[in-house]
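S.K.: Build me a model:
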Amino acid sequence: MPKGIQLQPHEPVPRPLLPPGARRPAALALAGCVAVTAALAVAFARQSRADRLDAAVDARIRGGLDQYHGLLNLLAGLGGLLPVAVLTAALVLGCLVARRWRGAALAGLSVPAAVALTEYALKPLVGRSISGDPSFPSGHATAIFALAATSAVLLANPTRPRLPRAMRRPLMGAAVVVAAAVATAMVALGYHYFTDTVAGAAVGIGMVLLTALLIDRARPPGEAAPGPAATDTAAIGTSRLP
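M.R.: Take a look at the predicted model:
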């Protein structure tokens, strides 16, 4: 290296939200979520009653859980606007403290976007109702599954894997179990049909996957693609003459 030229360390390339090997499965899962939502929307557009599948599943859920009314109300409350906003803000704050900028963007964008898509686009467009109220997709299921999917993505490829994989996997599973319990509670309490919650889960998970893929694809200004040429360019660009 010529005398007088000093190379300064450059900022490391931000770690992607999804590992390279998970991007194709994530894209396929996103396509599946879109297909499920679209198929159910077409099947139940402008309906105000349960079909044969919903009637059978809803009756089993309500009959088996009717005696747990207090617990069901508690679970349903977790998918409400205020709890979801608080949990989303906690995820964003945690990512900011850990300097996971992409993680903060994922939580701050995907959850509100999923809820907005459900409440302001899909519910009016599909027009399915239960007891006179718009029901498709379930807003509670959308929000809680978006939170669960966001948590799973953040745990899948952490910047500093302080938690071993043996602990991260049960945490992912617990997030999914809680989300499923909230969706089940909404059916048991008579607020939604079973297929409303399936569509809500698809919307929530799909929006998180879409947002993660877009964030990973986008590059901040000045960030070069990884590789030998990019490394050489970054090194030359950060050199300084005395």
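S.K.: lowest-confidence helix or strand of this structure?
M.R.: helix 228-237 (a mean of 40; mean pLDDT, DSSP states H and E).
S.K.: can you give me the helices in the protein?
M.R.: Using DSSP state H, the helices of the chain run over 20-44, 52-65, 69-78, 81-97, 101-117, 123-126, 139-156, 165-188, 194-217, 228-237.
S.K.: Would you mind listing the buried residues in the shortest one?
M.R.: Going by neighbour count (16 or more other Cβ atoms under 10 Å), the buried part of helix 123-126 is 123, 126. Using the backbone N, CA and C atoms, a C-beta is placed for each residue, glycine as well.
S.K.: what helices or strands is that helix leaning on?
M.R.: Packing partners of helix 123-126 (3 or more Cβ pairs under 8 Å, 6 or more residues apart in numbering; DSSP states H and E): helix 20-44.
S.K.: switch the cut-off to 7 Å
M.R.: Applying 3 or more Cβ pairs under 7 Å, 6 or more residues apart in numbering; DSSP states H and E, one finds that helix 123-126 contacts no other helix or strand.
S.K.: and what of the fifth one?
M.R.: With contacts defined as 3+ Cβ pairs under 7 Å, 6+ apart, helix 101-117 has these neighbours: helix 81-97, helix 139-156, helix 194-217.
S.K.: could you give the mean pLDDT of that helix?
M.R.: Across helix 101-117, the average pLDDT comes to 96.
S.K.: Residue numbering should commence at 10 henceforth.
M.R.: Shifting the count to begin at 10 puts that one at helix 110-126.
S.K.: That helix versus helix 29-53: what angle between them?
M.R.: 0 degrees (axes from the mean of the first three to the mean of the last three Cα atoms, to 10 degrees).
S.K.: between the helices and strands packed on helix 110-126, which one is nearest to Arg32?
M.R.: Smallest distance to Arg32 across the helices and strands packed on helix 110-126 (Cβ to Cβ): 6.8 Å, for helix 203-226.
S.K.: in the closest one, what's buried?
M.R.: Result for helix 203-226 [16+ other Cβ under 10 Å]: buried residues 203-222, 224-225.
S.K.: Please apply the same query to stretch 118-136.
M.R.: For stretch 118-136, by 16+ other Cβ under 10 Å, it's 118-124, 126-128, 131-132, 135-136.
S.K.: okay if I get the helices and strands packed on helix 110-126 as a markdown table plus mean pLDDT and distance to Arg69?
M.R.: Putting these into a markdown table (pLDDT from 0 to 100; distance: least, Cβ to Cβ, whole Å) gives the following:
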| stretch | mean pLDDT | distance to Arg69 |
| --- | --- | --- |
| helix 90-106 | 95 | 27 |
| helix 148-165 | 95 | 18 |
| helix 203-226 | 97 | 9 |
